[in-house]
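Student: this is a predicted model, with the sequence first.
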Amino acid sequence: MVWQQVYDPFGSMALSTLLAAIPVVVMLAALGFFHIKAHIAAALGLAAAFCVAVFAYSMPAAMAGKAALLGGFTGLLPIGWIVLNIIFLQQLCEQNGSFKVLQASLSGITNDRRLQLLLIAFCFGAFFEGAAGFGTPVAVTAGILIGLGFSPLAASGLSLIANTAPVAFGALGSPVITLAKVHGYDLMEVTAMIGRQLPFFSLLVPFWLIWAFAGRKAMWDIWPAILVTGLSFAIPQFLVSNFIGPELVDIIAALVSMASLILFLRVWQPKTVWTSASLKGREAETARPAATVEKYSRAEIVRAWTPWLILTVFVFIWGLPPVKAYFNTLFAPKFPMDGLHNLVMRVPPVVPHAEPESAIYVFNLLSATGTGILLSAIAGALFMHYSLGAIVRTFFRTLWLVRYSLLTIVLMLALGTLTRYSGTDTTLGLAFANTGALYPFFGTLMGWLGVAMTGSDTASNVLFGGMQKVAAEQLGLAPNLMGAANSSGGVMGKMIDAQSIVVASTATRWINHEGDILRFVFFHSLALAVLVGVLVTLQAYVWPFTLMVVR
């Protein structure tokens, strides 16, 4: 039986929107206000989503259950698989003491915590976003920061804030490539448009990051380094996106930014070194002279970094489309969800013509980024002289450590997938679309909402990319502007999506504190999303020259 989505089941968009928002409100309130454990909050949100889908939107219960099941499988692979194996590598490095050497090597560049944050959370994280995406950068950077002595909230929250500007071009350009492929945008034109929006925030976010960590005065004390970091990322981001394409934007920009910051720090250091690793105002914070750093030989430093260099190589290789395609030819069985696949119809105004939603779970274990991370962890463990038995014991110890985090990710993805197939998230999107001349601003917030709900800029582009195009054409706006705005606005929702927050809490082993992380990052997420909306509105009405093709 084919079921057609209904976006206004009660003939009142206000009432339908309120009902559609219930699952999200339940989950976020449980996490952020009632301090309920993340997996229980996710379960409550999923139960609310099921009730709304079945009783308010008249979705058949069997379909709703299968949509949730499909999302749960997706939570395990690829998302949970990435988290498990990143934490596995982190455990291996902590057990043999290489994290201490890594900390000392970074202090050799600078022992100022603000500058370490720029180097690791922003530059290094952007590289992993460009190579892999899907939670990898937060897991890696939060894990490194906690190993360097940053407080759990600082390591978690600041990794999430830093992982914004690169997201639209993450995983070798997957979000924008998917946007163009699914909804018929010109790939180079929409890529270029994103490249005329995000560089402003690539320059702003490093300043914002240090302000959130250490305060305004401490931020201005290192403004030259922040400016170098932001400009050396923003300029390549603009050039590559406008003249080359989406695939290597983040990787090139991240490498240029990292090299520029390291070279700059050879000739410049702050007058006062910031050595506290806690958020300003959360614990006693003072700026004081640098402490003496323990010295290690070059060989010891190389050995400490080697597992992470191996990880970088494996993640980059696994992110290459030809490599993924090859592994998928070897093993990637597809499992259509009977009773759901092609039986849910999306209808106008979300799409020009009614079309079925596919529901196929692809068990692409070989090509999954998490598999590359697992192999890199094993290779790193062998390099660190772990025995096979010790490797296996550490893996299962890690599995037990992250069991609740994996359950939470499964439930979160089940919730997000159910809202997609039931059409409730589309109802929320349509509420933004009915804002007339203010649509450039609220359409941008639609992208923010999409990522906050789905945990993925790619998924948000699939969900709302068509609606952005239809609404833009109806209002006389440039479709590429609003397609780009969906992706650019979405990057600011990445820091509050439940999946990313769970990844961060797991990487820092700050389990059951997801609500604390959410409360810390929510303001930053909304404020930055509003600024993106203002920029897009200016592009639409004040700076139309930014819409011109420059190639």
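Tutor: Nice, I can see it. Numbering: from 1, shown residues only.
Student: residues contacting the residue nearest to the spatial centre of the chain?
Tutor: Geometric centre of the chain, nearest residue: Lys494, 4.5 Å, by Cα atoms, centre = their mean. Counting by Cβ atoms under 8 Å, 6 or more residues apart in numbering, Lys494 touches Leu160, Asn163, Thr164, Val167, Val451, Gly455, Asp457, Ser500. Glycine gets a C-beta too; all of them are placed from N, C-alpha and C.
Student: what's the weakest-modelled helix or strand in the chain?
Tutor: helix 98-109 (a mean of 76; mean pLDDT, DSSP states H and E).
Student: contacts for it?
Tutor: With contacts defined as Cβ under 8 Å, 6+ apart, helix 98-109 is touched by 93, 115-116, 119-120, 144, 147-149, 262, 265, 293-296, 300-301, 303-305, 307-308, 384.
Student: now list the buried members of the residues you listed.
Tutor: Among the contacts of helix 98-109, the ones that count as buried by 16 or more other Cβ atoms under 10 Å are 93, 115-116, 119-120, 144, 147-149, 265, 296, 301, 303-305, 307-308, 384.
Student: mind listing the strands for the protein?
Tutor: For the chain, applying DSSP state E gives strands covering 3-4, 334-336, 344-346, 355-357, 360-362.
Student: what's the closest of those to Ala214?
Tutor: Relative to Ala214, the nearest member of these by Cβ to Cβ is strand 360-362, separated by 43.9 Å.
Student: okay, now Glu267: neighbour count?
Tutor: Careful, residue 267 is Val; it's not Glu. By other Cβ atoms under 10 Å, 6 other residues sit near Val267.
Student: how far away is it from Ala192?
Tutor: 35 Å (Cβ to Cβ, to the nearest Å).
Student: low-confidence ranges, the stretch 251-400 of the chain, go.
Tutor: For the stretch 251-400 of the chain, the stretches with pLDDT under 70 are 281-294.
Student: related to what we said a few turns ago, and Arg216, which of the strands of the chain is closest to it?
Tutor: The closest of the strands of the chain to Arg216 is strand 344-346. By Cβ to Cβ, the value is 46.5 Å.
Student: one step back: most tightly packed of the strands of the chain?
Tutor: Of those, the one with the most neighbours on average (mean count of other Cβ atoms under 10 Å) is strand 344-346, at a mean of 19.
Student: give me the sheet partners of it and which way each runs.
Tutor: strand 3-4 (parallel), strand 355-357 (antiparallel) (DSSP bridges).
Student: turn these into CSV, columns for distance to Leu477.
Tutor: Below are the strands paired with strand 344-346 laid out as CSV (distance: least, Cβ to Cβ, whole Å):
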stretch, distance to Leu477
strand 3-4, 28
strand 355-357, 23
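Student: looking at those strands, spot the one closest to Leu538.
Tutor: Evaluated with Cβ to Cβ, the strands paired with strand 344-346 place strand 355-357 nearest to Leu538, the distance being 34.1 Å.
Student: how far is the closest one from where the chain is centred?
Tutor: Strand 355-357 sits 27 Å away from the centroid of its parent chain (Cα atoms, centre = their mean, to the nearest Å).
Student: go ahead and name everything in contact with that strand.
Tutor: Contacts to strand 355-357, defined as Cβ under 8 Å, 6+ apart, come from residues Val2, Asn342, Leu343, Val344, Met345, Arg346, Arg420, Tyr421.
Student: let's see it at 7 Å
Tutor: Strand 355-357 is contacted from outside by Asn342, Val344, Met345, Arg346, Tyr421, using Cβ atoms under 7 Å, 6 or more residues apart in numbering.
Student: ok, those residues vs Gly372, which is closest?
Tutor: Using Cβ to Cβ, Tyr421 comes nearest to Gly372 of those, at 30.0 Å.
Student: please tell me how far Glu196 sits from Leu375.
Tutor: Just so we're on the same page, residue 196 is Arg rather than Glu. As judged by Cβ to Cβ, Arg196 and Leu375 stand 38 Å apart.
Student: between the two, who's got more neighbours?
Tutor: Between Arg196 and Leu375, Arg196 has the larger neighbour count (other Cβ under 10 Å), namely 21 against 16.
Student: how many neighbours does the closest residue to the more buried one other than its chain neighbours have?
Tutor: Distance criterion Cβ to Cβ, 6 or more residues apart in numbering; nearest residue to Arg196, sequence neighbours excluded, is Thr546 at 5.2 Å. A count of neighbours around Thr546, defined by other Cβ under 10 Å, yields 18.
Student: what's the distance between Thr546 and Leu481?
Tutor: 9 Å.
Student: which neighbours do those two have in common?
Tutor: Common contact partners of Thr546 and Leu481 (Cβ under 7 Å, 6+ apart): Gln539.
Student: Leu477 contacts Gln539, doesn't it?
Tutor: No: in this structure, Leu477 is not within contact of Gln539 by Cβ atoms under 7 Å, at 9.8 Å.
Student: tell me the pLDDT at Gly429?
Tutor: Predicted confidence (pLDDT) for Gly429: 79.
Student: count of neighbours near it?
Tutor: Neighbour tally, Gly429, other Cβ under 10 Å: 29.
Student: tell me the buried residues in the least confident helix or strand of the chain?
Tutor: Ser98, Phe99, Lys100, Val101, Leu102, Gln103, Ala104, Ser105, Leu106, Ser107.
Student: residues touching the spatially closest residue to the fourth one that is not a sequence neighbour, list them.
Tutor: Of all residues not flanking Val101 in the chain, Ala304 sits nearest, at 3.6 Å (Cβ to Cβ, 6+ apart). The contact partners of Ala304, by Cβ under 7 Å, 6+ apart, come to Ser98, Val101, Leu102, Ser105.
Student: quick one: which of those is nearest Ala277?
Tutor: Distances from Ala277 to the contacts of Ala304, taken as Cβ to Cβ, are shortest for Leu102 (14.6 Å).
Student: quick check: the gap between the closest one and Arg303.
Tutor: Using Cβ to Cβ, Leu102 is found at 10 Å from Arg303.
Student: got a list of what Leu118 touches?
Tutor: The neighbours of Leu118, taking Cβ under 7 Å, 6+ apart as the test, are Pro206, Ala225, Ile226, Thr229, Leu261.
Student: who wins on neighbours among these?
Tutor: Pro206 leads the contacts of Leu118 on contacts (other Cβ under 10 Å) with 32 neighbours.
Student: roughly how far apart are it and Ala131?
Tutor: 20 Å.
Student: same deal with Leu172?
Tutor: Leu172 sits 7 Å away from Ala131, going by Cβ to Cβ.
Student: just to revisit the earlier point, which of the buried ones among the contacts of helix 98-109 fall in helices?
Tutor: Cross-referencing these against helices under DSSP state H gives Cys93, Leu115, Gln116, Ile144, Gly147, Ile301, Arg303, Ala304, Trp305, Pro307, Trp308.
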